[in-house]
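**Student:** predicted model follows, preceded by the sequence.
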Amino acid sequence: MAFWQILTWPLAAVGVATLAFAAMLAQPVKPPPPLESIHAGAMAMPKDGKPDLSRFQARDGTWLAYRLYPAADGGRDHLAIVYHGSSASSDEMNATALALTKAGFAAVAVDTRGHGASGSRGDISYIGQLEDDLADLVAHLRGDYPAARLTLVGHSSGGGFVLRAAAAPVGASFDRFVLLAPYLGYRAPTNRPSEGKGLWASPDIPRIIALTILDRLGVDWAQSLPAIAFANRPEAAMATVSRYSYRLLNDYGPPQDWQGALRGAAGKVELIAGLDDELMDAEAYQRAVAPLGVRVTLLPGVDHVGIVYQPAALDAIVEAARR
């Protein structure tokens, strides 16, 4: 066989692989239909008492936004940092933050980078940047709260991120972690089937697979591409993020080994969920999470968004933060 014939086969294979990757990357992200229960929950959230946005400068020079809620009694001994769910902003956590302040906590509701008034909507610069941002926020807040005990609270994808942070070096700064109906990853048994009333997000599977392979090969140039779309109403575009890039999707959520992260934080982490949650299987948290040494509280009559503002949920959050 001639040399040029021997060379043709590997070149052809490379060409076919390149075309396959190009086709997978070109697959468009398609948003699911608006999920009315999420929209209704967002409309029902209390909006009074919300402070103006403050800002701090992250290590890359970007100014990131948050809302500071001083403790009702003026105390500076306890500080809670609270993270919103996917596509939302600090507005979502207003009722949670206010409940904590009445219990003697100062609270900080974060506009996570890529959301609200922080950074570029739907994107971050690299996987791991959100953990760096949290460390920078803690350093910034220490100026006014030098000796405060720190609690980290997160809802849904923000709850998954809180667990990611607990397993990262920045987790050593915190005394308590409170997870509110947390997203624990697409393979977790706590997810309800992504269809019907529970279809909140539509991932671009071909693009995610291609970008994951490229990431393992050390290629990150395409990670700004959208990888998932959320079931928001079009009229909510000013207040929400409709799509995440691949790198934001990978960073704003749980670590791959969520079981190991929960075991590692046992004694410092609690989980609260509503039995009427339409996205998460609340009873599955009891089966899958409680055996890992985590206190699980399940609340009747509370759905996925209600966990951040309904009275029974707020009482449970305050109790968990106090313990």
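**Tutor:** Yep, it's here. Numbering: from 1, shown residues only.

**Student:** residues contacting the strand or helix carrying Leu248, please?
**Tutor:** If you go by DSSP states H and E, Leu248 is part of helix 246-251. Outside helix 246-251, the residues within contact range by Cβ atoms under 8 Å, 6 or more residues apart in numbering are 114, 122-131, 161, 164, 203, 207-208, 211, 220, 222-228. C-betas here are computed from N, CA, C, even on glycine.

**Student:** what's opposite Ala65 in the beta bridge?
**Tutor:** When assigned by DSSP bridges, Ala65 has beta-bridge partners Arg55.

**Student:** so who does it touch?
**Tutor:** With Cβ under 8 Å, 6+ apart, Ala65 has these contacts: 53-55, 90, 110-111, 116-118.

**Student:** ok, Asp60 next?
**Tutor:** Counting by Cβ under 8 Å, 6+ apart, Asp60 makes contact with 125, 129.

**Student:** pLDDT wise, what is it at?
**Tutor:** At Asp60, the model reports a pLDDT of 97.

**Student:** swap in Lys268?
**Tutor:** 96.

**Student:** residues contacting it?
**Tutor:** Per Cβ under 8 Å, 6+ apart, neighbours of Lys268: 166, 174-177.

**Student:** which of the residues you listed are buried, as a ChimeraX select command?
**Tutor:** Applying 16 or more other Cβ atoms under 10 Å to the contacts of Lys268 leaves a buried subset, and the ChimeraX line that selects it is:
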select :166,174,176,177
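
**Student:** would you point out the most distant pair within the contacts of Lys268?
**Tutor:** Among the contacts of Lys268, the pair separated by the greatest distance (Cβ to Cβ) is Ala166 and Asp175, at 11.1 Å.

**Student:** quick one: the helices in this protein?
**Tutor:** Remark: helices assigned in the chain by DSSP state H are 3-26, 36-44, 94-102, 129-141, 157-167, 205-216, 246-251, 258-264, 282-288, 311-322.

**Student:** tell me what the fourth one is packed against?
**Tutor:** Judged by 3 or more Cβ pairs under 8 Å, 6 or more residues apart in numbering; DSSP states H and E, the packing partners of helix 129-141 are strand 53-57, strand 63-69, strand 78-83, strand 106-110, helix 157-167, helix 246-251.

**Student:** how about 10 Å then?
**Tutor:** strand 53-57, strand 63-69, strand 78-83, strand 106-110, strand 149-155, helix 157-167, helix 246-251 (3 or more Cβ pairs under 10 Å, 6 or more residues apart in numbering; DSSP states H and E).

**Student:** any weak-confidence spans in the stretch 201-323 of the chain?
**Tutor:** Along the stretch 201-323 of the chain, no part satisfies pLDDT under 70.

**Student:** quick one: neighbours of Met93, just the number.
**Tutor:** 32 (other Cβ atoms under 10 Å).

**Student:** and Gly128, by the same measure?
**Tutor:** Gly128, neighbours per other Cβ under 10 Å, totals 14.

**Student:** closest to Ile81 out of the helices of the chain?
**Tutor:** That would be helix 129-141 among these, by Cβ to Cβ, at 6.9 Å.

**Student:** buried residues, that closest one. List them.
**Tutor:** In helix 129-141, counting by 16+ other Cβ under 10 Å, buried: 129-138, 140-141.

**Student:** could you redo those as TSV and give each row pLDDT and distance to Leu79?
**Tutor:** Output for those, formatted as TSV (pLDDT from 0 to 100; distance: Cβ to Cβ, whole Å):
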residue	pLDDT	distance to Leu79
Gln129	98	22
Leu130	98	19
Glu131	98	18
Asp132	98	19
Asp133	98	17
Leu134	98	13
Ala135	98	15
Asp136	98	15
Leu137	98	11
Val138	98	9
His140	98	12
Leu141	98	7
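
**Student:** and for Ala166 and Asp175, which residues touch both?
**Tutor:** Shared contacts of Ala166 and Asp175 (Cβ atoms under 10 Å, 6 or more residues apart in numbering): 152, 268.

**Student:** what comes up buried for stretch 60-80?
**Tutor:** Going by 16+ other Cβ under 10 Å, stretch 60-80 has these buried residues: 62, 64-69, 71, 75, 78-80.

**Student:** cool, and stretch 221-230?
**Tutor:** Quick answer for stretch 221-230 (16+ other Cβ under 10 Å): 222-230.

**Student:** let's have those residues in TSV, adding distance to Ala97.
**Tutor:** Converted to TSV, the buried residues of stretch 221-230 look like this (distance: Cβ to Cβ, whole Å):
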residue	distance to Ala97
Ala222	37
Gln223	32
Ser224	31
Leu225	34
Pro226	30
Ala227	30
Ile228	27
Ala229	28
Phe230	23
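
**Student:** which among those gets closest to Lys102?
**Tutor:** Nearest to Lys102 among the buried residues of stretch 221-230, with distances taken as Cβ to Cβ, is Phe230, at 31.5 Å.

**Student:** among the buried residues of stretch 60-80, which pair sits farthest apart?
**Tutor:** Based on Cβ to Cβ, the longest span within these runs between Thr62 and Gly75 and measures 30.8 Å.

**Student:** all set, thanks.
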